[in-house]
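# here is my input, please return the structure:
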Amino acid sequence: MRPGNKQARTGTGAIARVVAGAAVALAVAVGAGSAGAVEPDEMLEDPALEERAREVSKDLRCVVCQNESIDESNADMARDMRLLVRDRLLEGDSNEEVKQYLVDRYGDYVLLRPPFKPTTYVLWFGPALILIGAVLAVVFSYRRKAAAPAAPPPLTDEEKAQLRTLLAERGEGAETTGKARADHTKPKARRGGRS
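Down below sits the predicted model:
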């Protein structure tokens, strides 16, 4: 057995253990989150009424957390909304009446599955439009970078010769043409007659 292979397997084993540990932690977190956030002091004594309250709560969005039902959210606002649902059910409201009461207070946004109508188009199409906009921004950014002018091609031998000739005529090509200047400190004569 070669020592390099043993080290490679040991490194792979360590990575596998880390991945397995992360998977277990994620499973525990998801399992804990799905248990719900309803506290024992919130629960109704009547099991049938409590079941209705849980059913209604699962359809209502926490207005603070935004993507959790009030049944799953630990936010204070979600707790207040759960208590309100239970109070309305104790007063004799049907499940739909409780939902409508909360819609009247918070708008259609409070429903995890809002109705499909002009006032909720943003809720239905907003995420897709944001995703499409992000994809288009990336595509246009990539195209702009790809369409940027490329570096000019290197000069041909003929162009280099022309450049050396032009620089020599102007007196600036000593380094390029291989000629050394006699005195680098000598000031150049100004045009216009004064020196």
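
# so where do the strands sit in the protein?
Applying DSSP state E to the chain gives no strands.

# low-scoring stretches of it, by residue?
1-14, 16, 18-36, 172-195 (pLDDT under 70).

# quick one, domains of the chain?
The chain breaks down by automatic domain parsing into domains covering 15-110, 118-144.

# measure the longest one end to end?
Translated: domain 15-110. End-to-end distance of domain 15-110 (CA to CA, to the nearest Å): 43 Å.

# next one: that domain to chain centre, how far?
The chain centroid and the centroid of domain 15-110 are separated by 26 Å, computed with CA atoms, centre = their mean, to the nearest Å.

# got it, and the shortest one?
Its chain's C-alpha centre and that of domain 118-144 lie 13 Å apart, by CA atoms, centre = their mean.

# buried residues, it. List them.
By 16 or more other CB atoms under 10 Å, the buried positions in domain 118-144 come out as Thr120, Leu123. Any C-beta I mention is one placed from the backbone N, CA and C, and that applies to glycine too.

# so which of the domains of the chain is nearest Glu159?
Glu159 lies closest, by CB to CB, to one member of those: domain 118-144, at 30.2 Å.

# this structure: helices as residue ranges?
Assigned by DSSP state H, the chain shows helices spanning 3-34, 47-58, 76-90, 95-106, 121-147, 157-170, 174-177.

# tell me the most buried of the domains of the chain?
domain 15-110 (a mean of 15; mean count of other CB atoms under 10 Å).

# now distance to Ala168 too, for the domains of the chain, in CSV please.
Below are the domains of the chain laid out as CSV (distance: least, CB to CB, whole Å):
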stretch, distance to Ala168
domain 15-110, 65
domain 118-144, 41
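
# can you tell which of the ones you listed is closest to Arg170?
Across the domains of the chain, Arg170 has its closest neighbour in domain 118-144 (38.1 Å, CB to CB).

# name the nearest residue to Met81, sequence neighbours excluded.
In space, and not counting its chain neighbours, Met81 is closest to Ile70: 4.6 Å by CB to CB, 6 or more residues apart in numbering.

# circling back to that earlier point, quick one, which of the helices of the chain is nearest to Cys65?
With CB to CB as the criterion, Cys65 lies closest to helix 76-90 of the helices of the chain, at 6.8 Å.

# contact partners of stretch 58-78?
For stretch 58-78, the external contacting residues (CB atoms under 8 Å, 6 or more residues apart in numbering) are 33-34, 36-38, 54, 57, 81-82, 85, 99, 102, 106, 109-113.

# now with 10 Å, please.
Residues outside stretch 58-78 that contact it (CB atoms under 10 Å, 6 or more residues apart in numbering): 33-39, 53-57, 79-85, 95, 98-99, 102-103, 105-114, 123.

# next, the distance between the ends of it.
Stretch 58-78 stretches 11 Å from its first residue to its last (CA to CA).

# any idea how far Arg164 is from Ile132?
55 Å (CB to CB, to the nearest Å).

# what does Arg61 give?
Counting by CB to CB - Arg61 and Arg164 are separated by 75 Å.

# which non-adjacent residue is nearest Asn95?
Val56 (5.1 Å).
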